[in-house]
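Asks: pasting the sequence and the predicted model now:
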Amino acid sequence: MSLPRIVAVAPGSPAELAGLAPGDEIVAMNGRAPRDVIEYQLLADEARLDVDVQRGGLEVTLTVENDAGLPLGIEVDSPVFDRIRTCDNHCEFCFIYQLPKGMRPTLYVKDDDYRLSFLYGNFTTLTRFTEADLERVVTERLSPLYVSIHATDPDVRAHMLRNRRGATSLRWLRALLDHGIEVHGQVVVCPGVNDAAVLEDTLTGILDQYPDLATAAIVPLGVSRYTTEPAMRAHSTDEAAAVVDVVEAAQRDFLAAVGRRVVFAADEYYLLAGRPLPETDAYEGFPQHENGIGMARAFEAAFASDAAPIGVHSGFFASLEGAPADGYRAPRSTAISVSASRGNGPVTIITGEYGRAVVGPLVADRGNVDVLTVTNEFFGGNIGVTGLLAGADVARALAQHDADTSHRYLLPDVCLSNDTFIDGTTLADLPVTVEVVATDGRSLREALA
């Protein structure tokens, strides 16, 4: 078990007043060693807190005086202080297996940890879940959680996970729901494996066995050029249309049975099938917005009105003091800005292939605005979402685009994590200056105003 290291202390906070400082490693809080940031918050919720820390090779005890329930004002370096529970499945569709070599080490961590599901909205298969885990989730009300279902047929699920425990681990999903835990599911659809009749069976199984599931996202398989699995391939247009038909039929069944749609197809399916997107109300509040469900409609709605952008629903790290921002919740860019002297010069919006299908129609009547579509050569395959654009591909597209000093380039911040593209390049590596804009319709509209 590693000690959580303090990486930031809020000025004027109880932690700073008590003498806690960046670099301190927390040994114990009121005599107990926290296992993760969830347990840390429970221990920190006291008016008086004795914190044992290691500092410069010495152990020091500092006393924090605070109003019960108020933040201490520190951030630690990891959400999990004991070892992250890694995934022991070997799914042939796993995107981590499809990453090129030489990327940031954190991108290769394949977790299956219910704590990261609660904190960040990561999906867990429950194949490593235990009675002790259930007791903790229920006792501490770690809700919502996010579960990878993929198939309700035990044999199909075990085959997809390449783990015999996959055939039985959904019993934990039933147990979680029985104890009132909110759970959102996901089905990654692999053509020829769990689509067609298997998908119909899965959605029927969810209705029969898990009707109290909050939502289930039906998302397409992502295939990069680095995959070594010959059976994994992208959906055809007809296959995408078939998935939409199956999901919409299931929605009608769920509406009749439980009064909610429950299952939703990812935007990519509608775009690939050439089908119109469902209306905004059909997404029932966008509970799986960050999983690509209704992103396009939410973007359009925010672009057309002053409605607040759809926020991130997944995970609760923002309400858990100390938890570091990770994954898609990491700070996108410290350089988010829009030019103060915009003028009337031409504007180019940088986006991926799917992004163009959404943004293009919104700016089609603006004569001085165009859309630069960046092909994802870094990953290749069928990867067309803007959030996975590599800096090298953006740089290549910009270098090929005619520009002058009056030209403005707008880059959505979803491409960045801590000012860095997924391939490790930064804004400084681009051949022209770009303006980073928050990835929502209202921010784009204001940047174009």
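Replies: On my side now, so go ahead.
Asks: contacts, neighbours, all on C-alpha from now
Replies: OK.
Asks: contacts for stretch 197-216?
Replies: For stretch 197-216, the external contacting residues (C-alpha atoms under 8 Å, 6 or more residues apart in numbering) are 150-153, 174, 177, 182-187, 189, 246-247, 250, 254, 258, 262-264, 287-288.
Asks: can you rerun that using 6 Å?
Replies: Residues from elsewhere that reach stretch 197-216 (C-alpha atoms under 6 Å, 6 or more residues apart in numbering): 151-152, 183-186, 262-263.
Asks: for that stretch, buried residues please.
Replies: In terms of neighbour count (16 or more other C-alpha atoms under 10 Å), stretch 197-216 has its buried residues at 198-204, 206-207, 210-216.
Asks: and stretch 119-132, what's its mean pLDDT?
Replies: Averaged across stretch 119-132, pLDDT comes to 95.
Asks: out of the buried residues of stretch 197-216, which sit inside strands?
Replies: Using DSSP state E, the members of the buried residues of stretch 197-216 that fall in strands are 215-216.
Asks: can you list which of the buried residues of stretch 197-216 are found in helices?
Replies: Assignment to helices by DSSP state H places the following of these there: 198-204, 206-207.
Asks: about what we covered before: and which of the buried residues of stretch 197-216 is nearest to Ala68?
Replies: Distances from Ala68 to those, taken as C-alpha to C-alpha, are shortest for Ala214 (32.7 Å).
Asks: which residues does Val183 form a beta bridge with?
Replies: Leu145 (DSSP bridges).
Asks: so it sits against Ser143, correct?
Replies: No: at 7.4 Å, Val183 and Ser143 do not qualify as touching, with contact defined as C-alpha atoms under 6 Å.
Asks: ok, those two, which is more surrounded?
Replies: Val183 (21 against 18; other C-alpha atoms under 10 Å).
Asks: report the contact partners of the more buried one.
Replies: Residues near Val183 by C-alpha under 6 Å, 6+ apart: 144-146, 213-214.
Asks: also Pro191?
Replies: Listed by C-alpha under 6 Å, 6+ apart, Pro191 has no contact partners.
Asks: which residue of this protein sits farthest from its center?
Replies: Most distant from the centre of the chain: Leu58, at 39.0 Å, with distances by C-alpha atoms, centre = their mean.
Asks: and it, how far is that from Asp24?
Replies: 10 Å (C-alpha to C-alpha, to the nearest Å).
Asks: what is in contact with the two at once?
Replies: When contacts are counted by C-alpha under 6 Å, 6+ apart, the set common to Leu58 and Asp24 is empty.
Asks: show me which of the contacts of Val183 is closest to Asn382.
Replies: Comparing the contacts of Val183 against Asn382 with C-alpha to C-alpha places Tyr146 closest, at 25.0 Å.
Asks: just checking, the closest one touches Glu182?
Replies: No: between Tyr146 and Glu182 there is no contact under C-alpha under 6 Å: 8.7 Å.
Asks: more neighbours, these two?
Replies: Tyr146 (28 against 18).
Asks: buried residues in the helix or strand containing Leu444?
Replies: Using DSSP states H and E, Leu444 maps to helix 441-448. Across helix 441-448, burial judged by 16+ other C-alpha under 10 Å covers 441-445, 447-448.
Asks: likewise stretch 290-302?
Replies: For stretch 290-302, by 16+ other C-alpha under 10 Å, it's 290-302.
Asks: what about it, average pLDDT?
Replies: Here the average pLDDT along stretch 290-302 is 93.
Asks: and the nearest residue to Glu65 once chain neighbours are set aside, how many neighbours does it have?
Replies: Leaving aside its chain neighbours, Glu65 sits nearest to Arg48 (4.9 Å; criterion: C-alpha to C-alpha, 6 or more residues apart in numbering). The local packing of Arg48 (other C-alpha under 10 Å) involves 14 other residues.
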